[in-house]
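Enquirer: Generate coordinates for the sequence data below:
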Amino acid sequence: MHMTDQIPAKPINTLARQTGFSRYQSLLIALLAFTQFTLILDFTIMSPLGVIMMPSLDITAGQFGVAVSAYAFSAGISSILAAGFADRFDRKRLLLFFYVGFTLGTALCAMAQDYHVLLLGRIVTGLFGGVIGSVVLAIIIDLFPLHMRGRVMGFVQMAFGASQVLGIPAGLFLANRWNWHACFTAIVGLSIAAMLVIVFAMQPVDAHLRLKQAANPFRHLIATVGQPRYTLAFAVTTLTATGGYMLMPFGSAYTVHNLGIDIVDLPTIYLVSGLFSIVMGPLVGRASDAFGKYPTFVFGSMVSIVMVLIYTHLGPVSLTTAIVVNVLLFVGIFSRMIPSQALMSAIPEPSQRGSFSAVSASLQQLSGGLGSVLAAAIVAQEPNGSLIHFDRLGYVVAATSTVLIVAMYFVQKSVAKRTGESIV
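Expert: Predicted structure coming up:
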């Protein structure tokens, strides 16, 4: 395998063409997936808890919105600031450092008795949590060859579905049984358990430290951002997040007011969609490794385009129809997201994998926030609560998806040329 594709280091790397996971690899994938689960749960639990937290803290919807967005913007800023240092430390220690900070921020949320402490907690959580995803991605790139990364990404992405199936219902149960503080307390407990496993079971990930790097962290960041070969990859990341985040903020309101689904049935839609997400992750990952990452990405994009256009033009429908449309929409999203992440993982040089992942994470957070702002400028709400111009969001997302199919073609051509291998 080409040197730029795999860093020869720890025992986990020795079987370059292995097809199955070793026991340690399986443990590591489960650990990284669980880490992502706590991260995603901490972010997604805010939305359903809003109806409980606002009266409890006596805050307005606008203040709650600021608390939610504070995570995204602080995460985007911290990721770019950490990029220069991302390749200068053992990735295990880096993961632990930011995971401790994330846990402390979540603990602040658990103890918050007023709005200002909650806002501080969300900022701290974002500052540290925003970097964890890029560290996890760098670890995957370092320790798994390209032909296995689709499956790894698929398993790690199960965390998203698990947070919907297990996390959100459990969080709401805790909030209703005790109070909303209990949700964040539970996440702190899960995070501490994950940290203990990282400390005692995870091997160091430090082979990249033997590679030549810029002496100054700032120069290392500039070298990464200024690398012409990365420009298209960063543009693809930005466009993907901008389009992808446009529909998310209005999903529940659109489902209730436009599709006519009773609010008490929303958990059912989350539950079924989450279950399919858990199943789809490993299947899409295996397909991207077996049939090719770009063909799988194209398939996912086409399904997404069709389902987004159908979804954004729906009127009142039955609960069954709403569930089927949401499930198919998730199939398209996962079939696009997993192979694209695996393909993009082959872009950076071994000495720049951490900084590349951090810059990508920053762009994803900031462009996701921009996408939400643009969507809010397009969509309007009628007095009865229904959304108008929501179909325009569908056209925008479909257009960005079409552009991404073309852009990703050139990404995969670049990766194939550089690695000298077929992208499977």
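Enquirer: buried stuff in stretch 40-55?
Expert: Of all the residues in stretch 40-55, those buried under the rule 16 or more other Cβ atoms under 10 Å are 40-46, 48-50, 53-54. Where C-beta positions appear, they are placed from N, C-alpha and C, glycine not excepted.
Enquirer: Format the residues you listed as a markdown table; extra columns: pLDDT, distance to residue 364 and secondary structure.
Expert: Output for the buried residues of stretch 40-55, formatted as a markdown table (pLDDT from 0 to 100; distance: Cβ to Cβ, whole Å; DSSP: H, G, I helix; E, B strand; the rest coil):
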| residue | pLDDT | distance to residue 364 | secondary structure |
| --- | --- | --- | --- |
| 40 | 85 | 13 | helix |
| 41 | 86 | 18 | helix |
| 42 | 86 | 17 | helix |
| 43 | 79 | 13 | helix |
| 44 | 76 | 16 | helix |
| 45 | 79 | 20 | coil |
| 46 | 77 | 18 | helix |
| 48 | 68 | 23 | helix |
| 49 | 75 | 24 | helix |
| 50 | 69 | 23 | helix |
| 53 | 79 | 26 | helix |
| 54 | 76 | 28 | helix |
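Enquirer: If we only consider those, which is nearest to residue 106?
Expert: The closest of those to residue 106 turns out to be residue 42 (Cβ to Cβ; 5.7 Å).
Enquirer: what's near enough to touch residue 241?
Expert: 363-365, 367-368, 371 (Cβ atoms under 8 Å, 6 or more residues apart in numbering).
Enquirer: Would you check that residue 21 makes contact with residue 27?
Expert: No: applying Cβ atoms under 8 Å, one finds residue 21 not in contact with residue 27, separated by 9.3 Å.
Enquirer: what about those two, which has more around it?
Expert: Higher neighbour count among residue 21 and residue 27: residue 21, with 17 against 14, using other Cβ atoms under 10 Å.
Enquirer: Can you tell me the element the closest residue to that one other than its chain neighbours falls in?
Expert: Leaving aside its chain neighbours, residue 21 sits nearest to residue 29 (6.8 Å; criterion: Cβ to Cβ, 6 or more residues apart in numbering). Secondary structure assignment for residue 29, by DSSP states H and E: helix 23-44.
Enquirer: what does residue 203 give?
Expert: Under DSSP H and E, no helix or strand contains residue 203.
Enquirer: Would you mind listing the residues in contact with residue 162?
Expert: Contacts of residue 162 (Cβ under 8 Å, 6+ apart): 37, 274, 278.
Enquirer: Closest to residue 267 out of those residues?
Expert: Nearest to residue 267 out of the contacts of residue 162 is residue 274 (Cβ to Cβ; 10.0 Å).
Enquirer: Hmm, that closest one is touching residue 158, no?
Expert: No: taking contacts as Cβ under 8 Å, residue 274 lies outside contact range of residue 158: 9.9 Å.
Enquirer: So between those two, which is more surrounded?
Expert: Between residue 274 and residue 158, counted using other Cβ under 10 Å, the more crowded position is residue 158 (25 against 22).
Enquirer: The more buried one: what's it in contact with?
Expert: 33, 277-278, 281-282.
Enquirer: hmm, back to that, other residues contacting the helix holding residue 29?
Expert: 11-12, 21, 71, 95, 99, 102, 106, 125, 129, 132-133, 136, 139-140, 143-144, 152, 155-160, 162-164, 167-168, 171, 184, 187, 190-191, 194, 197-198, 201-203.
Enquirer: how about 7 Å then?
Expert: The contact list for helix 23-44 (Cβ atoms under 7 Å, 6 or more residues apart in numbering) reads 12, 21, 71, 99, 106, 125, 129, 132-133, 136, 139, 152, 155-156, 158-160, 162-163, 167-168, 187, 190-191, 194, 197-198, 201-202.
Enquirer: now do stretch 90-107
Expert: Residues outside stretch 90-107 that contact it (Cβ under 7 Å, 6+ apart): 35, 42, 121, 124-125, 127-129, 131-132, 135, 138-139, 142, 184, 187-188, 191-192, 195, 198-199, 202, 204-206, 354.
Enquirer: And residue 385, how close does it get to residue 263?
Expert: Going from residue 385 to residue 263 by Cβ to Cβ, to the nearest Å gives 11 Å.
Enquirer: repeat for residue 407
Expert: From residue 407 across to residue 263, the span is 39 Å (Cβ to Cβ).
Enquirer: Compare neighbour counts for these two and give me the winner.
Expert: Neighbour count, other Cβ under 10 Å: between residue 407 and residue 263, residue 407 has more, with 16 against 11.
Enquirer: Give me the pLDDT value at that one.
Expert: Note on residue 407: pLDDT of 91.
Enquirer: what sits against it?
Expert: 232, 235-236.
Enquirer: hmm, 6 Å instead?
Expert: For residue 407, the contact set (Cβ atoms under 6 Å, 6 or more residues apart in numbering) comprises residue 236.
Enquirer: which element is it on?
Expert: Going by DSSP H and E, residue 407 is part of helix 390-419.
Enquirer: What residues sit buried inside that helix?
Expert: Judged by neighbour count using 16+ other Cβ under 10 Å, the buried positions of helix 390-419 are 390, 393-394, 396-398, 400-401, 404-405, 407-408, 411-412, 414-415, 419.
Enquirer: By neighbour count, which of the contacts of residue 158 wins?
Expert: Most neighbours among those, by other Cβ under 10 Å: residue 281, with 25 neighbours.
Enquirer: Was I right to think it contacts residue 153?
Expert: No: with contact defined as Cβ atoms under 6 Å, residue 281 does not reach residue 153; the gap is 8.2 Å.
Enquirer: by contact count, what packs against the host helix or strand of residue 331?
Expert: Counting by DSSP H and E, the element that carries residue 331 is helix 319-344. Where contact means 3 or more Cβ pairs under 6 Å, 6 or more residues apart in numbering; DSSP states H and E, helix 319-344 is packed against helix 146-156, helix 266-291, helix 293-311.
Enquirer: This completes my enquiry, with thanks.
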